[in-house]
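1. need a structure here:
(chains A and B)
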Protein chains: 2
Amino acid sequence: MTVRAQALFANEAFYYAFRTRDIVAMDEIWSKTTPVACIHPGWSALTTREAVMDSWRSLLEDPQSPEVYCRGAEAFPHVGEVYVFCYETVGSSLLVATNIFVEESGSWKLVHHHAGLCNPPSGGLPEEAEPGAMQ
Amino acid sequence: MTVRAQALFANEAFYYAFRTRDIVAMDEIWSKTTPVACIHPGWSALTTREAVMDSWRSLLEDPQSPEVYCRGAEAFPHVGEVYVFCYETVGSSLLVATNIFVEESGSWKLVHHHAGLCNPPSGGLPEEAEPGAMQ
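-> Sure, this is the predicted structure:
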């Protein structure tokens, strides 16, 4: 499996944990050894793991949170690090996200998530990447 | 100079080129050998160097573009890659940005910029990082 494919898989696992409100999986997805940061849409930056995980607990426990789907993910691998950007459909809203993963003991851990509202791409929104890949 | 300091310097150079509308410097700041991507506030993602540089030419040539200042930059170094997030003040608007740099022949080149509107941090906005450092 290429680094690009591994990163897209890790990215999809993140959105799957998000969508299924799985806080245990979300906790495993975020690095426990590398400093992390998270920028939710419109929020200011969260820069400690405690603040980041508190935010996810609050989002995943909220029964009003809409389902999030990832579409058009593209991975950009570097040495020991890969970032993915993708679109997110959240209800009727469209967002774009940057997700950075670092390699730790052979697996890719999320260290940074930044999502915000955006306009649709001029060529239309890509189909969902690898639908059902995590099921 | 630590990687963190080098990254903050590269990040400040990016905002200085932005603020002074220096398209030649901006072209030097962005990597010419690593794939790049750029997400301007509200735009969809630009994923070719040509599209990214076209967008900067259009922004820097626009006399209506407001001045952009970087505040509260923090760098997160990994092996061969470092990302910086910072706040941007653009007129009366507040944005937050993720900027990813990779090391190429001893210098740090920008490969990804993602900026979007945000709310002020609860503790207030940090002072501008190293004011005048690039002058």
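2. List the beta-bridge partners for residue A:74.
-> Judged by DSSP bridges, the bridge partners of residue A:74 are residue A:85.
3. Surely it and residue A:85 touch.
-> Yes: at 6.0 Å, residue A:74 counts as touching residue A:85 under the criterion of CB atoms under 8 Å. C-beta coordinates here come from the backbone N, C-alpha and C atoms, glycine included.
4. Those two: who's more crowded?
-> Shown here are residue A:74 and residue A:85; by other CB atoms under 10 Å in any protein chain shown, residue A:85 has more neighbours (24 against 18).
5. and that one, what does it touch?
-> Contact partners of residue A:85, counting by CB atoms under 8 Å, 6 or more residues apart in numbering or on different chains, are A:73-74, A:76, A:96-99, B:37, B:39, B:45, B:112, B:114.
6. re the thing from before, what's the overlap in contacts for residue A:74 and residue A:85?
-> Residues touching both residue A:74 and residue A:85 by CB under 8 Å, 6+ apart: B:37, B:45.
7. Who are the contact partners of residue A:10?
-> A:29, A:84, A:101, A:107-110.
8. give the contact list for residue A:90.
-> Contacts of residue A:90 (CB under 8 Å, 6+ apart): A:66-68.
9. give me that answer again for 7 Å
-> A:66, A:68 (CB atoms under 7 Å, 6 or more residues apart in numbering or on different chains).
10. And the one 4 residues further on, by the same measure?
-> Listed by CB under 7 Å, 6+ apart, the contact partners of residue A:94 are A:87, A:118, A:120.
11. Can you classify it as helix, strand or coil?
-> At residue A:94 the chain is in strand, as set by DSSP: H, G, I helix; E, B strand; the rest coil.
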